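Chemist: 3D model of this:
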Amino acid sequence: MQTLQASSLSIADVMQRLQLQDAFEDDFDGFLNLEPLTDSEKGAAADLRTIWRNYRYQQKTAENYVKTAGAPLLLWSCGYMAAGLQLSLEEDIEEISDDDGETVIRGRMDMLVSHPPRSDQAALCVLIIENKQGRFDTTVGIPQLLTYASTFLKHQPLVWGLVTNGYLYEFIRVEQGLFREFRTLSLSSVQDSETLLQVAIAIRKLTKTAE
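Modeler: Presented below is the predicted three-dimensional model:
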């Protein structure tokens, strides 16, 4: 039995081993209901842009920027904490076997947002966040995200994920046999930063029907 780390795999590797197809979506219509932001939420989007500029000017574009500033502010501003959701850091995934049954894939999620597990059911994954250093494109984190998301598909029909380097944000929707990539959102754009909050809020609200 061969053991692989999710971080060592390419997108093509994951697609082959987990039997996934891909699709590209221009917008979120048909997948999420994006509601207008309040003035407070628009202010939070502006804060994200400001924080990123400050880190960039200080050349502090390392991966932990997302963990210590960007992602927590995004989640708090979008009501994840107020909704009683659980945030876990550096969470080990359940080992999964690839399609030939001869290889096990291991890994560790950077950030997992979920409903606390109940005695009668498995924890419901709301959002997986994979962080990368600022010098890397978001696509570098997609193989890990796909691997982690696949472990939850035993208990729920789809999983939303977010890959970010602190400046660029790309949402991924993972289903059985398929993952959808949505257009990358950039903090250099006011419109994109506000769309980022709209999408995160819409994903959080999706979980109400699953409680």
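Chemist: contacts and neighbour counts: CA atoms only from here.
Modeler: Will do.
Chemist: what's the weakest-modelled helix or strand in the chain?
Modeler: Lowest on mean pLDDT, DSSP states H and E among the helices and strands of the chain sits helix 64-65, with a mean of 60.
Chemist: all strands for the chain, in order.
Modeler: Applying DSSP state E to the chain gives strands spanning 2-5, 21-25, 86-92, 96-97, 103-106, 108-115, 124-131, 158-164, 168-175, 178-182, 185-186.
Chemist: bridging residues for Q86?
Modeler: S114 (DSSP bridges).
Chemist: burial of it, as a residue count?
Modeler: Residues contacting Q86 under the criterion other CA atoms under 10 Å number 16.
Chemist: contact partners for it?
Modeler: Counting by CA atoms under 8 Å, 6 or more residues apart in numbering, Q86 makes contact with L112, V113, S114, H115, P116.
Chemist: reformat the residues you listed as CSV; add distance to Q156, pLDDT and neighbour count.
Modeler: Shown next, in CSV, are the contacts of Q86 (distance: CA to CA, whole Å; pLDDT from 0 to 100; neighbours: other CA atoms under 10 Å):
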residue, distance to Q156, pLDDT, neighbour count
L112, 15, 89, 22
V113, 14, 92, 22
S114, 12, 90, 20
H115, 13, 86, 19
P116, 15, 77, 14
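Chemist: of the residues you listed, closest to V14?
Modeler: The shortest approach to V14 among those belongs to L112, at 20.0 Å (CA to CA).
Chemist: G161 versus that closest one, what's the distance?
Modeler: Per CA to CA, to the nearest Å, L112 is found 9 Å from G161.
Chemist: find residues that contact each of the two.
Modeler: With CA under 8 Å, 6+ apart as the test, L112 and G161 both reach L127, I128, I129.
Chemist: most neighbours, which of these?
Modeler: The most crowded member of the shared contacts of L112 and G161, judged by other CA under 10 Å, is I128 (25 neighbours).
Chemist: tell me how far that residue lies from T50.
Modeler: Applying CA to CA to I128 and T50 gives a distance of 24 Å.
Chemist: next: S150.
Modeler: Counting by CA to CA, the gap from S150 to T50 is 34 Å.
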